[in-house]
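J.: I need the structure of the sequence given here:
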Amino acid sequence: MPQASNSGYPALFVQAVARVLANEGGYARLPNDPGGETKFGISHRDYPRLDIRNLTRDGAIAIYFRDFWKAGRYGELPGAIAVKLFDLAVNMGPAHAVQCLQRGLRACGTTVAEDGALGNATVSAANRTDGAALLAALRSEAAGYYRAMEARSASTRGEGESIFLAGWLNRAYQ
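T.: This next block holds a predicted model:
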């Protein structure tokens, strides 16, 4: 288990949240973003009582630790998988991210239920699977998820590629 950082958070969480914060950036209020007003990836849709504009970096980190990391069991996964899955969970939602992991496990030859829950069987399978192969499969499944999401969205809005797809794919393959 990684040692705690100077912040008091586990070192693996510090690594994972640094990736999320780099990907999410600062304050945004984009008209096409279903989350509405966001800062550091924390959205008004998910936290309607929070003053998003004045959210601090430390405040966002505390939310990510409490509402994602501790609740999601990411710290029980191999390091690179934990960091990747955590980042995907913030962007696409925990259940969709875990389904990508479960499909990645299947691609690596380990069948687990594709239920979107990071339960004991999925955690155990991830810890038994070759890390490099699983990371590659997870990236591929995430990209597929984003492409399918874009296709569904394009069919309803009648336009070409969304402004988000290129960033999503970069995030998937990162």
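J.: tally of neighbours for E150?
T.: E150: 17 surrounding residues under other Cβ atoms under 10 Å. Every residue, glycine included, has its C-beta placed from N, CA and C.
J.: Now do the phi/psi pair for it.
T.: The phi/psi pair for E150 (degrees, to the nearest 10) reads phi -60, psi -40.
J.: quick one: it and V90, what's the gap?
T.: Distance of E150 to V90, given as Cβ to Cβ, to the nearest Å: 18 Å.
J.: Run through this protein and note the low-pLDDT ranges.
T.: For the chain, the stretches with pLDDT under 70 are 1-6, 153-163, 165-166, 168-170.
J.: Which stretches in it count as strands?
T.: 27-28, 38-39, 42-43 (DSSP state E).
J.: Mind putting those strands into JSON lines with mean neighbour count and distance to V20?
T.: Below are the strands of the chain laid out as JSON lines (neighbours: other Cβ atoms under 10 Å; distance: least, Cβ to Cβ, whole Å):
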{"stretch": "strand 27-28", "mean neighbour count": "14", "distance to V20": "15"}
{"stretch": "strand 38-39", "mean neighbour count": "23", "distance to V20": "12"}
{"stretch": "strand 42-43", "mean neighbour count": "20", "distance to V20": "10"}
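J.: Nearest the middle, which residue of the protein would you pick?
T.: The geometric centre of the chain, computed from its C-alpha atoms, lies nearest to L88 (Cα atoms, centre = their mean), at 1.9 Å.
J.: my read: that one touches C100, true?
T.: Yes: between L88 and C100 there is a contact under Cβ atoms under 8 Å: 6.4 Å.
J.: According to the record, where do the domains of the chain fall?
T.: Using automatic domain parsing, the domains assigned to the chain come out as 1-72, 78-174.
J.: tell me the most buried of these?
T.: Compared across the domains of the chain, domain 78-174 shows the largest average neighbour count, a mean of 17 (mean count of other Cβ atoms under 10 Å).
J.: How far does that domain sit from its chain's centre?
T.: In terms of Cα atoms, centre = their mean, to the nearest Å, the gap separating the centre of domain 78-174 from the centre of its chain is 8 Å.
J.: can you map out the helices along this protein?
T.: Shown for the chain, the helices assigned by DSSP state H span residues 11-24, 57-63, 70-72, 79-92, 94-107, 120-128, 131-157, 165-173.
J.: Columns distance to G41 on top of the ones you listed, output as CSV?
T.: Formatted as CSV, the helices of the chain follow (distance: least, Cβ to Cβ, whole Å):
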stretch, distance to G41
helix 11-24, 3
helix 57-63, 7
helix 70-72, 15
helix 79-92, 5
helix 94-107, 13
helix 120-128, 24
helix 131-157, 16
helix 165-173, 11
